[in-house]
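[1] With the sequence up front, the predicted model follows.
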Amino acid sequence: MNTKAAFLAICVVLVLILGEVEVTNAATCNPVQLSPCMSAITSSAKPSTLCCTRLKQQKPCFCQYLRNPNLQKFIKSAGAKKVSSFCRISYPRC
């Protein structure tokens, strides 16, 4: 095997490995993961660090949650906008 072929093979393996890592880190859309934020959304309580962390993890799911009639009332609420601002997470534009 020549040097170019070996280099190409290593690059392909790295791309496959990095692609696999990316897939395993993808968010699993589960609105229950946002339960640490409920008190901050529904009252004047300050969002916890756990709430902000979960919001960041679930951010790719926000548009999906907005399409759900049972969840959109929470996502569209003034409390949710306050929490997203506090946690420095942009409000979704779907």
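    In hand now; what should we look at?

[2] C-alpha from now on. contacts and neighbour counts both.
    Noted.

[3] And stretch 83-94, what's buried?
    Residues V83, S84, C87, Y91 are the ones in stretch 83-94 that count as buried (16 or more other Cα atoms under 10 Å).

[4] If you could redo that for stretch 39-57, that was the one I meant.
    For stretch 39-57, a neighbour-count test (16+ other Cα under 10 Å) marks A40, I41, P47, S48, C51, C52, R54, L55, K56, Q57 as buried.

[5] correct me, but the first one touches T49?
    Read that as A40. No. In this structure A40 lies outside contact range of T49 using Cα atoms under 8 Å: 11.4 Å.

[6] Which element, helix or strand, includes G79?
    helix 78-86 (DSSP states H and E).

[7] Contacts for that helix next, please.
    Here helix 78-86 makes contact (Cα atoms under 8 Å, 6 or more residues apart in numbering) with 37, 40-44, 46-47, 52, 55, 74-75, 90-91.

[8] Tabulate those residues (CSV), appending pLDDT and secondary structure.
    Listed next are the contacts of helix 78-86 as CSV, based on pLDDT from 0 to 100; DSSP: H, G, I helix; E, B strand; the rest coil:
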residue, pLDDT, secondary structure
C37, 95, helix
A40, 94, helix
I41, 92, helix
T42, 91, helix
S43, 91, coil
S44, 88, coil
K46, 94, coil
P47, 96, coil
C52, 97, helix
L55, 94, helix
F74, 85, helix
I75, 87, helix
S90, 91, coil
Y91, 83, coil
